[in-house]
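# sequence-free structure coming up:
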Ligand SMILES: [Zn+2]
C-alpha cells in the first residue's frame, strides 16, 4: 500500500438490482413454504397472505429509499467514490472496504443469546407453481413501480444520474427482474445439490457476492470486501470455516455482522466464527448504531446491537479485531458510544468508525470522545456508509468530506483514513 492511500473503511456498493433479486428469492421461499418465520404460517394464513405480501412490498420501498442514489453498477459506485475522494485529496488514491449485507432473514425467527440455529417446525416444502409465483411477483413489482414514480426527490449522487434518470433506471431494473423463471431454476438446482461447504444461495446475495469478487479481480488492490454472515443462512458458517471465502484471487478480507437483522452476537452458532476470525487474523465489522436498517431506533432487534453484547467475546478472543461501526450512533444519550470508547481503552484490538455522520453537529460530540483517550486516536476510522448515508440525510460526498475536514485536523484525518484502517486490515506499507 502506497503512502498516498486513503481508505473509506465502511461503505456499501450494492445496487437496487441486488435488492430486487433478493426479495424475489424471499417470495420464492414463502411460496415454497420453507421461509423460517417466527411462527410458520399455517396453509390457511398463507392463503390469506397470498396477494398481499405487505412485508415484501414494504421491504422493497425501504431498500429503494436507501439505495436510490446507487442505481448504476457496483463498478460505477466504486469509481464514483474514488473520483469524489480525488476531488478532496488530489494526491491520494481511495481504497474502500465495501460491506456486504444479508437482509434475507430479517423476517425470520430471531436467534437469541445462547440459542442455536433452529429447525423451524411446521415448514413443509411445496412445489412452487410458476404461474402463481409470477402473479405474486407481478403484484409486488407493480406496487413498487407505482411507488417509485411517486418519489420525485431522488438524488443526483451517482455520476450522471439525474432525478428522472434514476426513476428510469429503477424501472429498467424492475423490467429486467420481472420474470421468475431464473429464480425458480436456481432454487430447484440449489435445493437438490446442497453439499458440505456450500451455503443456501439466494439470488441477490449470490449476485452481489459475484459482483464484488469480479471487482476484486478487475480493480486489484482497490477494494477489500467483507462477507456478510447471518447464522440463520444454512451452511454459511460451515462455508466460512472452510476458509474458501478468504483464499485465492477472488476473496474477502473480513466479515460483516448485522445483528439488527435478528441474531444476538452471542447466539451459539457465532462462536465458531469468532474463533476462526481470531485464529486467522480476519477483522469483523459489526453494525453498532441504534439506527440503521430498517430505519427506526425502536426496531424490534435494535438491542442486539448493543456493544455490551460483544464484551464477553472480546474477553474470550483478545486478538480478534472488531470494528464497532458508527460508534453507537443515533443515540442522544451516547450510552453505546461511551461503551465503545471504554472497550477501545480497555482492549488492544477494538476499533470503531464514524461512518454515516452527515453533519458537524453529529461529529463534534464524537471529537470530545476522541480527546479523552489517546488510544482512540489509533482506533478510529473514517467511513462514508455510502450509499446508506443518503438515507439519513441528503448530503453530497463533498459536504460529507467537508464536514470531516472542518472537525478534524489534516493529520488526524490522515490517521483515520490511512494508519488505522491499514492496521485494522493487517496491511503493511
Ligand atoms: Zn453501513
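Received, thanks. As the structure is a prediction and not an experimental result, all values here were calculated from the model.

# what are the boundaries of the strands in the stretch 1-150 of the chain?
Secondary structure of the stretch 1-150 of the chain (DSSP state E, counting those that start in this stretch): strands at 5-11, 93-98.

# which parts of the stretch 101-250 of the chain are helices?
130-150, 163-176, 181-192, 203-218, 236-242 (DSSP state H, counting those that start in this stretch).

# mind giving me CSV with these and columns for mean pLDDT?
Output for the helices of the stretch 101-250 of the chain, formatted as CSV (pLDDT from 0 to 100):
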stretch, mean pLDDT
helix 130-150, 92
helix 163-176, 82
helix 181-192, 75
helix 203-218, 95
helix 236-242, 95
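
# between those, which one is closest to residue 304.
Smallest distance to residue 304 across these (Cβ to Cβ): 17.3 Å, for helix 236-242. Just so you know, the C-beta spots here come from the backbone N, C-alpha and C atoms, and that holds for glycine as well.

# contact partners of the next helix or strand after the closest one?
Once the chain leaves helix 236-242, the next helix or strand it forms, by DSSP states H and E, is strand 254-257. When contacts are defined by Cβ atoms under 8 Å, 6 or more residues apart in numbering, strand 254-257 is touched by residues 97, 99-101, 224, 226-229, 240, 265, 270, 273, 277, 282-287, 425.

# among the residues you listed, which are in strands?
If you go by DSSP state E, the contacts of strand 254-257 have 97, 226, 227, 228, 284, 285, 286, 287 in strands.

# look at the first one and report its pLDDT.
Predicted confidence (pLDDT) for residue 97: 98.

# same check on the second one?
The pLDDT attached to residue 226 in the predicted structure is 98.

# pretty sure it is touching residue 102, no?
No - counting by Cβ atoms under 8 Å, residue 226 stays clear of residue 102, with 11.4 Å between them.

# ok, and what's touching stretch 125-138?
24, 27-28, 31-34, 50-51, 53, 178-181, 183-184, 187, 191.

# quick one: distance of it to the chain centre.
Stretch 125-138 sits 29 Å away from the centroid of its parent chain (Cα atoms, centre = their mean, to the nearest Å).

# now do stretch 361-369
Counting by Cα atoms, centre = their mean, stretch 361-369 comes out at 24 Å from the chain centroid.

# please identify the buried residues of it?
By neighbour count with 16 or more other Cβ atoms under 10 Å, stretch 361-369 contains the buried residues 362, 363, 366, 369.

# residue contacts, the first one?
Taking Cβ under 8 Å, 6+ apart as the criterion, residue 362 is in contact with residue 329.

# after the helix or strand harbouring it comes which helix or strand?
Using DSSP H and E, residue 362 sits in helix 360-372. Next along the chain after helix 360-372, taking DSSP H and E as the criterion, comes strand 380-381.

# so for that next one, mean pLDDT?
Per-residue scores along strand 380-381 average to 96.

# partner strands of it, with direction?
Here strand 380-381 is paired, per DSSP bridges, with strand 350-353 (parallel).

# show me what the partner strand is in contact with.
With contacts defined as Cβ under 8 Å, 6+ apart, strand 350-353 is touched by 9-10, 283, 285, 288, 314, 321-327, 340, 343-344, 376, 379-383, 420, 424.

# please name the nearest non-neighbouring residue to residue 397.
residue 84 (3.9 Å; Cβ to Cβ, 6 or more residues apart in numbering).

# neighbours of the one you found, how many?
Residues lying near residue 84 (other Cβ atoms under 10 Å) number 20.

# now swap in residue 146 and tell me
Residue 146: 9 neighbours (other Cβ under 10 Å).

# output the buried residues of stretch 361-369 in TSV, with pLDDT appended to each entry.
Formatted as TSV, those follow (pLDDT from 0 to 100):
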residue	pLDDT
362	89
363	90
366	87
369	82
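
# can you convert those into TSV and add a column each for distance to residue 403?
As requested, those are exported to TSV (distance: Cβ to Cβ, whole Å):
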residue	distance to residue 403
362	8
363	6
366	11
369	17
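
# nearest to residue 92 among the residues you listed?
Looking across those and measuring by Cβ to Cβ, the closest to residue 92 is residue 363, at 20.8 Å.

# which residues sit against stretch 324-341?
By Cβ under 8 Å, 6+ apart, stretch 324-341 touches 10, 285-292, 297, 305-308, 310, 343, 350-357, 362, 365-366, 369, 372-373, 376, 380, 383, 385.

# got a list of what residue 116 touches?
Residue 116 neighbours (Cβ under 8 Å, 6+ apart): 267, 268, 269.

# narrow those to those that are buried.
267, 269.

# from residue 12, how far off is the spatially most central residue of the chain?
Closest to where the C-alpha atoms of the chain average out (Cα atoms, centre = their mean) is residue 101, at 3.0 Å. According to Cβ to Cβ, to the nearest Å, residue 101 stands 7 Å off from residue 12.

# again with residue 87
For residue 87 relative to residue 12 (Cβ to Cβ), the value is 21 Å.

# of these two, which one has the most company?
Comparing residue 87 with residue 12 by other Cβ under 10 Å, the one with more neighbours is residue 12, at 26 against 10.

# what's near enough to touch that one?
So residue 12 contacts 70, 98, 99, 100, 101, 385, 386, 387, 388 (Cβ under 8 Å, 6+ apart).

# now do the helices in the stretch 301-429 of the chain.
Counting by DSSP H, counting those that start in this stretch, the helices of the stretch 301-429 of the chain are 311-316, 335-346, 360-372, 389-392, 397-407, 410-414, 420-425.

# neighbours of residue 166, just the number please.
Applying other Cβ under 10 Å, I find that residue 166 has 23 neighbouring residues.

# before we move on, what about residue 382?
Residue 382, neighbours per other Cβ under 10 Å, totals 24.

# what distance do you get for it to residue 113?
For residue 382 relative to residue 113 (Cβ to Cβ), the value is 32 Å.

# so how far is residue 38 from the residue lying closest to residue 231 once chain neighbours are set aside?
Excluding its sequence neighbours, the residue lying closest to residue 231 (Cβ to Cβ, 6+ apart) is residue 269, at 3.9 Å. The gap separating residue 269 from residue 38 is 17 Å, by Cβ to Cβ.

# list the contacts of residue 13.
By Cβ under 8 Å, 6+ apart, the neighbours of residue 13 are 70, 74, 77, 78, 81, 96, 98, 212, 386, 387.

# recalculate using a threshold of 10 Å.
Applying Cβ atoms under 10 Å, 6 or more residues apart in numbering to residue 13 gives the contacts 70, 73-81, 96, 98-100, 208, 211-212, 215, 223, 225, 386-387.

# same thing with residue 204?
14-15, 17-26, 63, 101-104, 177, 183.

# distance to residue 244 added to the contacts of residue 116, as a markdown table?
Listed next are the contacts of residue 116 as a markdown table, based on distance: Cβ to Cβ, whole Å:
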| residue | distance to residue 244 |
| --- | --- |
| 267 | 23 |
| 268 | 23 |
| 269 | 18 |
